[in-house]
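> Any chance you could fold what I've pasted below:
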Amino acid sequence: METKINISKFWTRVWALLIDSILLGIIGYILGLPFQDFLISIGNYGLLIGLIITIGYQTICNSEFLNGQTLGKRIMDIQVVDINGDTINISKSFLRALILSFPYFTYNLTIPGLSDTSIVSIVKTVVLFSIILGVVVIYIFNKQTRQSLHDLIIGTYVVKTEENEEVSIIPSITKSPFYVFGGLVILLIGVGVYSANWNKSELKNALSTYSQVSEIKGVLSASICENTSYFNDSKTLSYQTKLQVNILPEEKLENDKMVRETVQTILCNVSNIDNFNFIEISLNRGFNIGIASQNSSKTVSYSPLKWREILKLQKSIDNHSNVGM
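Down below sits the predicted model:
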């Protein structure tokens, strides 16, 4: 029996993905309304909820149960089929969805008990991000069959639903997509090796600061980075710390105990902190489940000298209060 396959065009499939993303975003937003506090409390692990929703949606819709069509594919008149032009069963659809979605939702998650700069974490990030690269790069450069990485592994095609009068012979895939993909993976591995061999003293210093800030009461998660900006030939260095919290304080941030403890930790642990123009502290309250996010934040920024003055003044106030008691 001859197979009639009319492969979907590049942008048709992209528009279908966009429609599905909007639909999943609406579902995520609705879910976030009643469960906002819970999603905030679990931090980045809310991404696993988004992963479950996305895989469930893709698995059912792209299988024989719904004719290989998500809402986006149905609107764009395309569907997922195998080499014989038949829709795929639920198990194949699940594996296809898992390969496509799992790396996107999990590459940024921290492995419990390990820092982001540990060897295991770096390897995990490189592997998962390589799969994401494979999905994108192979789809872009595979002009013959427009199969992406997950399609090639499972043996599926995304095709137009209208009948094709002439039998289409599936063209052979050229090697160029895999050369591009391989080159990018090698580059990514190089970056990972460089990160693993980063200056040990700087790494130890950064990890110590990150660890102590993360343990401050009220902090759900933390991220620290050094930022350099240029304006009118003037260089500005800022030491930026973002704290994920359950509650945003109503008072000025510089008066908040959590903020002051964070700044004190930075001043004590970062040996070259006086070389920075600003220490910036951002408090964020929100959630991210991958398909939807919500966030509100407050930021305060002063020079290291000004922060020392603020801490000294607050310490004096606290001492007077203790004496009064």
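> Every contact and neighbour count from this point should use C-alpha atoms.
Will do.
> check contacts around T241.
Residues in contact with T241 (Cα atoms under 8 Å, 6 or more residues apart in numbering) are A222, S223, I224, C225, I279, E280, I281, S282.
> quick one: which of the residues you listed is nearest to A16?
Of all those, A16 sits closest to S223, with 34.7 Å by Cα to Cα.
> On the three-state scheme, that closest one is what?
strand (DSSP: H, G, I helix; E, B strand; the rest coil).
> Could you pull up the residues touching it?
Y210, T241, K242, L243.
> partners of it in the sheet?
Under DSSP bridges, the beta-bridge partners of S223 are K242.
> from here on, count from 20
Fine by me, first position is 20 from now on; the one you just mentioned is S242.
> I'd like to know how far it sits from E273.
19 Å (Cα to Cα, to the nearest Å).
> Also T144?
In terms of Cα to Cα, T144 sits 35 Å off from E273.
> ok, back up a step: so of the contacts of T260, which two are at opposite extremes in space?
A241 and I298, at 14.8 Å, using Cα to Cα across the contacts of T260.
> Those two - which one has more neighbours?
I298 (24 against 20; other Cα atoms under 10 Å).
> related to what we said a few turns ago, which of the contacts of T260 sits closest to Q313?
When those are compared against Q313 (criterion: Cα to Cα), the nearest one is S301, at 15.6 Å.
> What is the one helix or strand that closest one maps to packed up against?
If you go by DSSP states H and E, S301 is part of strand 297-307. The elements that strand 297-307 packs onto, with contact taken as 3 or more Cα pairs under 8 Å, 6 or more residues apart in numbering; DSSP states H and E, are helix 55-60, strand 253-264, helix 276-288, strand 312-321.
> Could you spell out the sheet neighbours of that strand, each with its direction?
Partners of strand 297-307 in its sheet, by DSSP bridges: strand 253-264 (parallel), strand 312-321 (antiparallel).
> now, of the ones you listed, which is deepest in the fold?
Comparing the strands paired with strand 297-307 by mean neighbour count (mean count of other Cα atoms under 10 Å), strand 253-264 comes out on top with a mean of 18.
> Just the mean pLDDT for that strand, thanks.
Computed over strand 253-264, the mean pLDDT rounds to 91.
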